Structure formats: structure tokens, C-alpha cells
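1. Quick one, structure for this:
(one chain, ligands or ions: 1)
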Amino acid sequence: MRVTIFGATGLLGKTLMREWTGDDVSGLASKDADIRDPKQISNVLEGTRPDWIVLAAAYTDVDGCEQNREHAFDVNCRGAINVAQAAKHYSSRLLFLSTDYVFDGAKSSPYETNDPRAPVNVYGRSKAEAEVQISQVLPESCILRTSWLFGIDGKCFPDTILKLAASRPAIEVVDDQQGSPTYTADLARAIIRLCRTGAKGMVHATNRGDCSWFEFAREILAVARLTTNLRPTTSEHFVRPAQRPKYSVLSNKSLEKHGIETPSWQDALRRYLLQRTSVLPREPSDALPGTHG
Ligand SMILES: NC(=O)c1ccc[n+]([C@@H]2O[C@H](COP(=O)([O-])OP(=O)(O)OC[C@H]3O[C@@H](n4cnc5c(N)ncnc54)[C@H](OP(=O)(O)O)[C@@H]3O)[C@@H](O)[C@H]2O)c1
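-> Now for the predicted structure:
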């Protein structure tokens, strides 16, 4: 199988490039093909002629999107549609990465794939609009929503907490947003299986279970055996340019229909922290049970 990954230099894309063995996989950075330009997309696809395109390229700065609305829609919506049109032209299957932020968070039970979209920020609106238009251009595409990514290939929440814990006596983290942390290594494995089994339609894929950002931070500090003072706060006290949904847990039933089960986020976090200690230069905050401290 030939696969082309847009966004191969990102947090998820880099992990996908490493995890995806046994197929002919090529990865693209924005300098190889800017998805805002249809010509640049067809130039690369002319060479790779993929069976599958994985579209992990996006403008993912949620607060930045609020201030750069046009850019957000250029990349996340119009750019994504350009890729879908090119996929149709080259008869390639498409897996498009989307987000839990297409929902408003008004529910209190996990979001199913057919729950109505109601994004509360520009990032979510740009992805929601892309989902709608991609399904029109290419009805057999696979739209994969995920949430709260962490992994060794880019900036992520556990990394930030460990760095803050190393430099501050106390940390405040919001306790009124609930979601599902997702390890890029587990997500990459799910994506590879979905492509190999020819998945179509809407799929939700996260690690199992959910928590608030505060609970996530508490687990990170506990696993790293750090005693930093952690205090819960609210979104009202920690105001950011983009509003976030209060609850954006995705139901993995659609993933399980494809025979894929993901480990719990707590299990994923432990594996991430072990991977992080073995890959990154050691810092005091890298302490893990059984290693030191
Ligand atoms: N991170 C999360 O928590 C999260 C949650 C839910 C869904 N998602 C979705 O998952 C996917 C992967 O996210 P991520 O966190 O891995 O993203 P990321 O680390 O921010 O990486 C973004 C990637 O997109 C590429 N890119 C940006 N603008 C582009 C353009 N105009 N043309 C071509 N490529 C462009 C970047 O390429 P260069 O580096 O070469 O410029 C980079 O490879 C995205 O679709 C995102 O919306 C992410």
C-alpha cells in the first residue's frame, strides 16, 4: 500500500511516520506542499500516487485561530478541501483528522459520531466546516475525530506540566473541562489499522476513559513522583482567547466497530513518560518510579 501523510512534521505526523512500517509511506511538511495551494498538492501526488492520504496537516493553535480566523479557515477548511479534491482526482482514499472541538460540550455523556456539530471556537468551526465539505467531495473518506493529543514528537500537556513542576512551587490547572487524553502512539496504530481495513465514514478515536485537565495534571505529577503543589482552578479564572467546550469526551463505539480497542489514558501516560525519559535529555522532572527520587 502507498501512503502519503500531510502534516508529517507535526506531533501526530512524526509518530505516524515512525510507527507506520510495512507500507510505502511518504511524509510531507508544509514546505513540500502547502495545502492552501492545489497545484502544490497535485505536484506531490503526481509523484506518490497514494492508495491512502492521511491529512494530519492543520493550523492547531486553538487560541491563535481566534485571532487569525482567515488563516484558520484557509488551512483547516479550504486547505483540507483542496486535499479531498486531489484525493478524488487521484482515486486515493482519504483519512482526515478532526477534533472533539466540533462539539459545544453541552452533553454529559460521551459524544457519538452522529451528534450534531456545534463548535464554540474558530478552530472547531474551521474543522467542522471541513468535515461537512469533505464528506460531500469524497463520501467514502474516513473522518477521524480525536482529542487532547500527547506524545514525544511535539509540545504537549504532560511535557508542560513537568517543566512547570521543575520551575514553580505551585501550579494551577483548570478542573472544569472534561476530555480524553490520547497518546499519539496509540492513535497512530489505530489510524494504520483503519487504513488497512478500508474504513469509511465518521470514527472517534481516543484513549479509554476521561478526566479534567486538573486530574490529568495530578496523574502526571503522581506518576513522576513529584510533590509540586497542584491547585484546581476554573476557566473563568484562567481566561484564554478561545472558549473551550466543558465536556468533549468522544465515544469510541465507532472505533470498536472496526475491532480496535485503545488502552486507558492512564496506561498511555505511563508509557509516554517512560518513552520520554528514554528519548529526551534527563531533567530533574523526568523522575519516574524506580528510576530515582
Ligand atoms: N493536538 C491535539 O491535541 C489535537 C486534538 C484533536 C485533533 N487534532 C488534529 O490532529 C491533527 C494533527 O495535529 P497535531 O497536533 O499533530 O498538529 P501539529 O503538531 O500542530 O502539526 C501541524 C502539521 O500541519 C502542517 N501544516 C500546517 N499548515 C500547513 C499548510 N498550510 N500546508 C501543509 N501543511 C501544514 C505542519 O507542517 P510544518 O511543521 O512543516 O509547517 C505540521 O506538520 C490535526 O488535524 C489536528 O487538528 C489535534
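
2. Now for the residue of the chain found nearest the ligand, how many residues are close by?
-> Of all residues in the chain, residue 10 sits closest to the ligand, at 2.2 Å by Cβ to the nearest ligand atom. Yep, even glycine has a C-beta here, placed from its N, CA and C like the rest. Other residues lying near residue 10 total 23 when counted by other Cβ atoms under 10 Å.

3. which residues touch it?
-> Going by Cβ atoms under 8 Å, 6 or more residues apart in numbering, residue 10 touches 56-58, 60, 153-154.

4. how about these in a markdown table, adding neighbour count and pLDDT?
-> Converted to a markdown table, the contacts of residue 10 look like this (neighbours: other Cβ atoms under 10 Å; pLDDT from 0 to 100):
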| residue | neighbour count | pLDDT |
| --- | --- | --- |
| 56 | 27 | 98 |
| 57 | 25 | 98 |
| 58 | 26 | 98 |
| 60 | 22 | 98 |
| 153 | 21 | 96 |
| 154 | 17 | 95 |
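
5. So which bits of the stretch 51-200 of the chain are right by the ligand?
-> Contact residues (Cβ under 6 Å from any ligand atom) of the stretch 51-200 of the chain with the ligand: 56-60, 75, 79, 97, 99, 146-149, 154.

6. 8 Å - rerun?
-> Applying Cβ under 8 Å from any ligand atom, we find that the stretch 51-200 of the chain lies next to the ligand at 55-61, 74-76, 79, 96-101, 123, 127, 145-150, 153-156, 182, 184.

7. Restricted to strands, list these.
-> Using DSSP state E, the subset of these located in strands is 55, 96-99, 145-146, 149-150, 182.

8. Tell me which helix or strand residue 129 sits in.
-> helix 122-137 (DSSP states H and E).

9. Mind listing what's buried along that helix?
-> Judged by neighbour count using 16 or more other Cβ atoms under 10 Å, the buried positions of helix 122-137 are 122-131, 133-135, 137.

10. How about stretch 58-67?
-> Within stretch 58-67, the residues scored as buried using 16+ other Cβ under 10 Å are 58-60, 62, 65-66.

11. Between all of those residues, which two are at the greatest distance?
-> Within those, 58 and 66 form the most distant pair, 15.0 Å apart (Cβ to Cβ).

12. what residue ranges in the stretch 151-293 of the chain score low on pLDDT?
-> For the stretch 151-293 of the chain, the stretches with pLDDT under 70 are 280-293.

13. can we see that at 90?
-> 277-293 (pLDDT under 90).

14. how about the helices in it?
-> Secondary structure of the stretch 151-293 of the chain by DSSP state H, counting those that start in this stretch: the helices cover 157-167, 184-196, 213-223, 253-256, 265-279.

15. Which elements pack onto the third one?
-> Yep, that's helix 213-223 we're talking about. Helices and strands touching helix 213-223, by 3 or more Cβ pairs under 8 Å, 6 or more residues apart in numbering; DSSP states H and E, are helix 157-167, strand 170-174, strand 229-233, helix 265-279.

16. Would you tell me whether the last one gets close to the ligand?
-> No. For helix 265-279, no contact with the ligand is found by Cβ under 8 Å from any ligand atom; the gap never falls below 12.8 Å.

17. Next up, phi/psi of residue 238, please.
-> phi -120, psi 70 (degrees, to the nearest 10).

18. Confirm for me that it is in contact with residue 172.
-> Yes. Using Cβ atoms under 8 Å, residue 238 makes contact with residue 172 at a distance of 7.1 Å.

19. Just want to know which of the two has more residues nearby.
-> A direct count of neighbours by other Cβ under 10 Å for residue 238 and residue 172 places residue 172 higher, at 17 against 13.

20. If the nearest residue to the more buried one once chain neighbours are set aside is in a bridge, with which residues?
-> Nearest in space to residue 172, with sequence neighbours left out and distances taken as Cβ to Cβ, 6 or more residues apart in numbering, is residue 233 at 4.3 Å. Beta bridges link residue 233 to residue 174, judged by DSSP bridges.
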